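Chemist: got a sequence here, can you model it:
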Amino acid sequence: MIIGYEITGYDNGSFMTGSCKKLDDLPFLPKCNECGYRTDYRYTNKDFKLKRENLDFSSTYDGVTIVSLKFKEFCNRYGYKNLVFNELPKTPNFFQYYIEGSFLQYNARLFENQCNSCKQYESVIGPAIQIDLFREPLEDGFYQSNLWFASGNEKSPVMIISPVTKENMVKEKFRNICFDKIEK
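Modeler: The predicted structure is shown next:
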């Protein structure tokens, strides 16, 4: 049985906030005084400029998902309610995108170097959905992992969609979205 699909986009050649060394260039970016990592991974840099504007669903090097107006209109048309689209003033018709709530339980293979101050881990590695919790496919919609994966300032949740949502997305012919099947 197919439970759903993990979705990812190609890299778009851009940084939302930059590497650790460049974080000081963004004085309003919330970050930990001890470890130096961001504490708000959904921060929208108003000076962000997307380098590759030919993708409907893509990711920055620092783990932020960017979507096209076409993708946003698709989500609005189907009535998906738990999605946030932040305008990017220097890149018209593209949006920073993320899911609110709708958490699915994931495990990590490894947690490395927890900060004493902000309690974040430097690295969270090896995402694996807790498949035994599912008895049927996910309902139409968008979901995210309860854990954020990757290292340093590049952390983000795993994004998941239902089989019905995937069918709807395929009909739209979006460019460069990768679907990885979750089976039980």
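
Chemist: so where do the strands sit in the protein?
Modeler: Applying DSSP state E to the chain gives strands spanning 2-11, 57-59, 65-68, 83-87, 94-99, 103-104, 106-107, 110-114, 121-125, 128-129, 142-151, 156-161, 177-183.

Chemist: tell me how many other residues surround residue 83.
Modeler: 18 (other Cβ atoms under 10 Å). C-beta coordinates here come from the backbone N, C-alpha and C atoms, glycine included.

Chemist: do the same with residue 108
Modeler: Neighbours of residue 108 under the rule other Cβ under 10 Å: 17.

Chemist: on that earlier part again, could you redo the strands of the chain as JSON lines and give each row distance to residue 50 and mean pLDDT?
Modeler: JSON lines is the format used below for the strands of the chain (distance: least, Cβ to Cβ, whole Å; pLDDT from 0 to 100):
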{"stretch": "strand 2-11", "distance to residue 50": "11", "mean pLDDT": "95"}
{"stretch": "strand 57-59", "distance to residue 50": "8", "mean pLDDT": "95"}
{"stretch": "strand 65-68", "distance to residue 50": "6", "mean pLDDT": "96"}
{"stretch": "strand 83-87", "distance to residue 50": "12", "mean pLDDT": "96"}
{"stretch": "strand 94-99", "distance to residue 50": "5", "mean pLDDT": "97"}
{"stretch": "strand 103-104", "distance to residue 50": "28", "mean pLDDT": "96"}
{"stretch": "strand 106-107", "distance to residue 50": "28", "mean pLDDT": "94"}
{"stretch": "strand 110-114", "distance to residue 50": "31", "mean pLDDT": "94"}
{"stretch": "strand 121-125", "distance to residue 50": "26", "mean pLDDT": "93"}
{"stretch": "strand 128-129", "distance to residue 50": "30", "mean pLDDT": "93"}
{"stretch": "strand 142-151", "distance to residue 50": "20", "mean pLDDT": "94"}
{"stretch": "strand 156-161", "distance to residue 50": "17", "mean pLDDT": "96"}
{"stretch": "strand 177-183", "distance to residue 50": "16", "mean pLDDT": "95"}
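
Chemist: for those strands, which one sits closest to residue 75?
Modeler: Nearest to residue 75 among the strands of the chain is strand 83-87; the distance by Cβ to Cβ comes to 5.4 Å.

Chemist: orientation of the closest one relative to strand 142-151 in degrees?
Modeler: On the basis of axes from the mean of the first three to the mean of the last three Cα atoms, to 10 degrees, strand 83-87 is oriented at 60 degrees to strand 142-151.
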